[in-house]
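Participant: Give me the fold of what follows.
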Amino acid sequence: MVDILTAPRFIASSPRLKFFLSEFLYFGFKQAWACLFGGLMLAAIIATRFLWSPDLPLARYDFLFVYAILIQILFVRLKLENWEEVRVIFIFHVVGTAMEIFKTHMGSWIYPEENLLRIGGVPLFSGFMYSAVGSYIARVWRIFDFKFTRYPRKDLTVLLCILIYVNFFTHHFTYDIRLFLFAFTILLYARTWVYYKPHETFQKMPLLLGFFLVSFFIWIAENTGTFAAAWRYPDQAHAWALVSPHKMGAWFLLMIISFVLVTLLHKDGLEEGKDEEEN
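Facilitator: As a prediction, the model looks like this:
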């Protein structure tokens, strides 16, 4: 039986286990590194929830906006993101902010605190929560050297994005085609595998599984954000409650938009993935 004292010797004598642990640790470290923007934003949201005073001259939401701008500048200056990635992240930022304005108007969620830098009921920092998702996808793609096999046609993925985005607005007034969108997504990506390199060798997983895992962790982050009172859903008006797991479905679909936008930066990589499958 392996105990704490003999574990290091056991690992050293098992090359396969040593390799697995090495790849696993590199995977975890690189994932954390890819999440840096979102992690810094979430840390600031939590810290200001408990440390910020309403007597300060700068509102909490406005501080978060300035803080997010400074992070983005640092990411570019330190070459953690390149300008092409920033451009795509900015597009997703605008897409997210437009949806925020509409959704808060419809009462889907609210931002309970007052601040100066806002459009309607939406503080400007909120767009950076979408930027955090875009930043993660852009960075994780580069850090893990993503390659794909059986990736769907680009025009079909763009069509899926358009339908997803339009449905986020129209389902308030007409039929919600979310189930169709899930089915369309599965149909497009069911045969797609993503190859990623934690350290020494490429590993693979179904891309749909990757989408689900990311949406699950976004749901955890959203629970953290609502617990820190950065925004609230209607059922959290009087006391915090766990965000409904159904929200994972919304983030799953919204993340598809961000992912497809990032694919616009990696046309060659997607073509190489197809070539690998054919060869």
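
Participant: Contact partners for Asn115?
Facilitator: Going by C-beta atoms under 8 Å, 6 or more residues apart in numbering, Asn115 touches 59-62, 123. All C-beta spots, glycine's among them, are computed from the backbone N, C-alpha and C.

Participant: From the rest of the structure, what touches stretch 104-111?
Facilitator: Contacts for stretch 104-111 (C-beta under 8 Å, 6+ apart): 61, 103, 118, 120-123, 126, 172, 230-234.

Participant: Thr97: how many residues sit nearby?
Facilitator: By other C-beta atoms under 10 Å, the residues close to Thr97 number 19.

Participant: same question but for Leu78, I mixed them up
Facilitator: 8.

Participant: Help me confirm that Asn81 is found in a strand?
Facilitator: Wrong residue type there; residue 81 is Glu, not Asn. No. Counting by DSSP: H, G, I helix; E, B strand; the rest coil, Glu81 is not part of a strand but coil.

Participant: What residue, apart from its backbone neighbours, is nearest it spatially?
Facilitator: Phe75 (4.6 Å; C-beta to C-beta, 6 or more residues apart in numbering).

Participant: Please determine how far the one you found is located from Met41.
Facilitator: 12 Å (C-beta to C-beta, to the nearest Å).

Participant: again with Pro57
Facilitator: 22 Å.

Participant: More neighbours: which of the two?
Facilitator: More neighbours surround Met41 than the other of Pro57 and Met41, with 23 against 5 (other C-beta under 10 Å).

Participant: I figured that one hits Gln72, correct?
Facilitator: No. If you go by C-beta atoms under 8 Å, Met41 and Gln72 don't touch, sitting 10.4 Å apart.

Participant: Show me where the protein has its strands.
Facilitator: Ranges of strands in the chain, per DSSP state E, are 118-119, 122-123, 147-149, 193-196, 203-206.

Participant: Can you list the strands that the first one pairs with?
Facilitator: Neighbouring strands of strand 118-119 in its sheet, by DSSP bridges, are strand 122-123 (antiparallel).

Participant: hmm, who's touching the partner strand?
Facilitator: 61-62, 64-65, 97, 100-101, 104, 111, 113, 115, 117.

Participant: if you set the cut-off to 7 Å instead, what comes out?
Facilitator: Around strand 122-123, the neighbours that count as contacts under C-beta atoms under 7 Å, 6 or more residues apart in numbering are 61, 65, 97, 100-101, 104, 111, 115, 117.

Participant: Keep only those of the contacts of stretch 104-111 that are in helices.
Facilitator: Using DSSP state H, the members of those that fall in helices are 61, 103.

Participant: As a markdown table, the contacts of stretch 104-111 with distance to Leu80, neighbour count and pLDDT would be great.
Facilitator: Output for these, formatted as a markdown table (distance: C-beta to C-beta, whole Å; neighbours: other C-beta atoms under 10 Å; pLDDT from 0 to 100):
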| residue | distance to Leu80 | neighbour count | pLDDT |
| --- | --- | --- | --- |
| Tyr61 | 25 | 23 | 96 |
| Lys103 | 30 | 17 | 94 |
| Arg118 | 28 | 19 | 94 |
| Gly120 | 32 | 10 | 89 |
| Gly121 | 32 | 15 | 89 |
| Val122 | 27 | 23 | 94 |
| Pro123 | 25 | 25 | 96 |
| Ser126 | 22 | 27 | 94 |
| His172 | 38 | 14 | 92 |
| Ala230 | 24 | 26 | 94 |
| Trp231 | 27 | 22 | 95 |
| Arg232 | 32 | 17 | 95 |
| Tyr233 | 32 | 17 | 95 |
| Pro234 | 37 | 9 | 92 |
